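Colleague: Just need the structure, nothing else, for what follows:
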Amino acid sequence: MAIQLEKYRQKKAHKDIVVSLRYSPTGRFLVSADQSGKIIVWPEGRTRGVRHVRSPYEVLTGVWFSEDEEWLLAGHEGGHLLVYSLPKLKRKAEIRLEPSCPEGYMLSGTSKTVLNWVVLAVCPSIGSDLYAVLEFRDFFAIRRQDLQVTNHVHWPGSLIEYTAASSNGRFVFFGDDMSYIYRFHLPEMKLEIFAEHHEQVPGFSFAKQQSTMVDASTGIAGLALSCDSKLVASTSRTGGVQIWQTEAEQRKGGNIREFRPFATREPVRAVWIRGVSFLPESTKLALGTDDGTLEIWNYSSGQVSHIAKCPASVRSLVASPDGSQLTVGCEDGSVFLIPWGES
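Modeller: Below is the predicted model of the structure:
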């Protein structure tokens, strides 16, 4: 299943880390964005008619489409959220999201500094509010008509990762470095722990004085939602993949670890899997790792197929809604538009 990756490279795309790749709900647009603020909109994922804009703020942390495909939302460090109109990519508004803690706040017991990155912006449907989230668990409801903040809720806890947000208009999933997966309900703005990603990793038993496999929480590296929103896939920083049923009920008050994944792939090698996307109309996941490896995992049969080796770490990966194209973004700014029917 190996492909000739180089012929699909877009040479004039990005020169910095590709932090976000997304298709609009119908596949009308593909957007790519890099950390330094360059945003490119590819009509229907093609190279003709491409538009691009440079954001005035760094670091750019992510881009998202409104469900009606009229707006593109771009998030940044420091709580800056820009709204662009489509298809012309003209800036419509700027929203400043005020955090619950000051910039540069140091997380207790860690060496992490809170930068208040925008980790999600979503506008589910016409007439509904826009929702935005900062990394330190600040959740905002924003009125669509005038783009004014109408509600702000904060939940204490660890940082939620900007690389791990997916939405289907009813709920959003986040992951953190403690391996917890959270579900945020819209429009109630209710946050709950959904599951915990834990896996078997090499360890050492002091009681037996020998190496062994231990059950551990290893940190979330990426999340993806299936096209029908019934499954969510979580990937770890040690190379594991787990798939969860979003509509499965957990026992009230039970241990979160009693909620088991629908499918599991144990780590093959210790490497972050930041790129993850369900392939439409299939039982397959596309995976991209920090060492540049692209793979397809069939979670029904367990089969793993190697696709290609990227020139740099894979940071973003997404399949088009119709499954005809796979797009990959890398740490060195490389973008690959891969026609999936040819692979």
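
Colleague: wait, is K7 part of a helix?
Modeller: Yes: per DSSP: H, G, I helix; E, B strand; the rest coil, K7 lies within a helix segment.

Colleague: since we're on it, how many residues are nearby?
Modeller: By other C-beta atoms under 10 Å, 8 other residues sit near K7. Backbone N, C-alpha and C define where each C-beta goes, glycine included.

Colleague: Let me see the contact set for it.
Modeller: Not one residue lies near K7 by C-beta atoms under 8 Å, 6 or more residues apart in numbering.

Colleague: Where does pLDDT dip in the stretch 1-150 of the chain?
Modeller: Applying pLDDT under 70 to the stretch 1-150 of the chain flags residues 1, 103, 109-110, 126-127.

Colleague: now L134, nearest residue through space, not along the chain?
Modeller: Nearest residue to L134, sequence neighbours excluded (C-beta to C-beta, 6 or more residues apart in numbering): N116, at 4.9 Å.

Colleague: what's the neighbour count on that neighbour?
Modeller: 24.

Colleague: From what I see, it and H80 are in contact.
Modeller: No: with contact defined as C-beta atoms under 8 Å, N116 does not reach H80; the gap is 9.4 Å.

Colleague: Pull the contacting residues for the residue nearest to L134.
Modeller: Counted by C-beta under 8 Å, 6+ apart, N116 has contacts E77, G78, G79, L97, P99, C101, E103, L134, E135, F136, D138.

Colleague: Quick check: which element contains it?
Modeller: N116 belongs to no helix or strand when assigned by DSSP states H and E.

Colleague: ok, now the one 5 residues further on?
Modeller: Per DSSP H and E, A121 falls inside strand 118-122.

Colleague: returning to what we had before: list residues touching both of N116 and H80?
Modeller: With C-beta under 8 Å, 6+ apart as the test, N116 and H80 both reach L97.

Colleague: distance of the residue nearest to L134 from I160?
Modeller: Separation of N116 from I160 (C-beta to C-beta, to the nearest Å): 12 Å.

Colleague: Report the set of residues contacting both of these two.
Modeller: E135.

Colleague: Now list the buried members of the contacts of N116.
Modeller: Buried members of these, counted by 16 or more other C-beta atoms under 10 Å: E77, G78, G79, L97, P99, C101, L134, E135, F136, D138.

Colleague: buried sites along the very next helix or strand once past the strand holding A121?
Modeller: Sequence order places strand 130-134 as the next helix or strand after strand 118-122, per DSSP H and E. For strand 130-134, a neighbour-count test (16+ other C-beta under 10 Å) marks L130, Y131, A132, V133, L134 as buried.

Colleague: Look up which helix or strand I273 falls in, please.
Modeller: Applying DSSP H and E, one finds I273 in no helix or strand.

Colleague: so how many other residues sit close to it?
Modeller: Using other C-beta under 10 Å, I273 has 28 other residues around it.

Colleague: The one 3 residues further on now?
Modeller: Neighbours of V276 under the rule other C-beta under 10 Å: 26.

Colleague: shaky segments in the stretch 201-343 of the chain?
Modeller: Ranges of the stretch 201-343 of the chain meeting pLDDT under 70: 201-217, 249-254, 341-343.

Colleague: coming back round to it: relative to K88, how far out is the residue nearest to L134?
Modeller: 29 Å.

Colleague: same question, F29
Modeller: Per C-beta to C-beta, F29 is found 12 Å from K88.

Colleague: re earlier: partner strands of the strand holding A121, with direction?
Modeller: strand 130-134 (antiparallel) (DSSP bridges).

Colleague: Give me the contacts around the next helix or strand after the partner strand.
Modeller: Helices and strands here follow DSSP H and E; after strand 130-134, the next one along the chain is strand 138-142. Here strand 138-142 makes contact (C-beta under 8 Å, 6+ apart) with 95, 97, 99-100, 116, 129-134, 148-155, 184, 187, 189, 191.

Colleague: of the buried ones among the contacts of N116, closest to W297?
Modeller: Nearest to W297 among those is E135, at 28.6 Å by C-beta to C-beta.
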